[in-house]
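Novice: next come a sequence and a model predicted from it.
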Amino acid sequence: MNAQIEKSVAAVAAAPGSNLVWDWYGADLVRPECVLATADGSLYTADWRGGVAHLHADGSQQLYAGLLPNGELPRPNGIALLPDGSFLFAHLGAQDGGVYRLTRQGVITPWLLDVAGVPLPPTNFVVQDGLGRTWITVSTRRQPRSLGYRQSCDDGFIVCVNGDGGARIAAEGLGYANEVAVHPDGCWLYANETFARRLSRFALAPDGTLGARETVVQFGLGTFPDGLAFDEQGGAWVVSIISNRLIRVAPDGSQQLWMEDVDPDHLDWVEAAWQAESMDREHLDANPGKRLRNISSIAFAGPNRRTAVLGCLLGDRLASLHLPYTGQRPIHWNYA
């Protein structure tokens, strides 16, 4: 085993989250990659049965699903809840992408399919902020997308859609752009770059213009940042695929490994492939964690927003654990 990975795995016994109590939500979900929480106790997650699964506070479930205008089943990745109860979802198609709107009656309509006349490739994430802007990420332009699972990947980009509907590429040259989030102070847009293994940020102007990319954290062996959310103290919670790590990045940039669930031999195998520029689908599609199945997203839930609910790529339910931090209130928190 790689000595640095062995040291990391040994250290998790002392991590703050190693002895916390776990809970589970939902059943029979299909690739619940992205999760949202609201004040009424609802959880919403992307679902590859063609839409969004709604986990009610009483334990019941509903699926809001439909077909794309071309008759195909959509592949929702990132999702955003709108004030009227409908959703935006980033379509992670085999060849095409874009953002679509889904109603609770299962009607799907295009919302943004191109920028400046150029069709969006398979699309990763969508989120709205408090100033009426919508942020969208495309991880890579490479086809197949697995060619982007390389440390040399640098063609990811971020799209900003203003409140008037005008869309433009706000940042590009990212190493597999994944989830983004506006910092609680409103002055920065943070972005996870999964296969560049870093958390970056951009100075955010009132008109949505982004400054130059700055590295907040360059992660080490076995950390592939995917999901991202802030707590009210300005800490960034980063979820890593492969290693099933949850890391808090403090405002000063220091890292605290909260928990991980990883098989060391599996992580060695993936790490070797990443170093050799040969990482592929097989490295993402198998994850022998004891509890977790490739966690990919985090949402703060519960009445005090201290329950961290984790989306995942391979599981059929959502894991959660309680934290001593209050999550930043998302824009959709009080949406009905």
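Specialist: Here it is on my side, so go on.
Novice: any idea of the mean pLDDT for stretch 269-287?
Specialist: Mean pLDDT, stretch 269-287: 95.
Novice: apologies, that question was intended for stretch 73-81.
Specialist: Rounded mean pLDDT across stretch 73-81 is 98.
Novice: buried set for that stretch?
Specialist: With burial defined by 16 or more other C-beta atoms under 10 Å, the residues of stretch 73-81 counted as buried are 74-81. Yep, even glycine has a C-beta here, placed from its N, CA and C like the rest.
Novice: greatest separation within those residues: which pair is it?
Specialist: R75 and L81 (18.6 Å; C-beta to C-beta).
Novice: residue ranges with poor pLDDT in the stretch 101-250 of the chain?
Specialist: Within the stretch 101-250 of the chain, no stretch has pLDDT under 70.
Novice: so which residues of it form strands?
Specialist: 108-112, 114-115, 118-119, 125-128, 134-138, 156-161, 167-174, 177-182, 188-193, 198-204, 210-218, 223-230, 236-242, 245-249 (DSSP state E, counting those that start in this stretch).
Novice: would you turn the ones you listed into a markdown table with distance to P69 and mean neighbour count?
Specialist: As requested, these are exported to a markdown table (distance: least, C-beta to C-beta, whole Å; neighbours: other C-beta atoms under 10 Å):
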| stretch | distance to P69 | mean neighbour count |
| --- | --- | --- |
| strand 108-112 | 7 | 18 |
| strand 114-115 | 15 | 16 |
| strand 118-119 | 14 | 10 |
| strand 125-128 | 18 | 26 |
| strand 134-138 | 19 | 26 |
| strand 156-161 | 20 | 22 |
| strand 167-174 | 19 | 18 |
| strand 177-182 | 26 | 25 |
| strand 188-193 | 30 | 25 |
| strand 198-204 | 33 | 20 |
| strand 210-218 | 32 | 14 |
| strand 223-230 | 29 | 25 |
| strand 236-242 | 31 | 25 |
| strand 245-249 | 38 | 23 |
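Novice: state which helix of the protein is the longest.
Specialist: Criterion DSSP state H: the longest helix present in the chain is helix 264-275.
Novice: tabulate the CA atom coordinates of that one in CSV.
Specialist: In CSV, the C-alpha atoms belonging to helix 264-275 read as follows (Å, rounded to 0.1, in the frame of the first residue of the first chain):
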residue,chain,number,x,y,z
PRO,A,264,-6.9,0.9,0.9
ASP,A,265,-6.1,-1.5,-1.9
HIS,A,266,-8.9,-0.1,-4.0
LEU,A,267,-7.6,3.4,-3.4
ASP,A,268,-4.1,2.3,-4.3
TRP,A,269,-5.4,1.0,-7.6
VAL,A,270,-7.3,4.2,-8.5
GLU,A,271,-4.4,6.4,-7.4
ALA,A,272,-2.0,4.5,-9.6
ALA,A,273,-4.3,4.9,-12.6
TRP,A,274,-4.7,8.6,-11.9
GLN,A,275,-0.9,9.1,-11.7
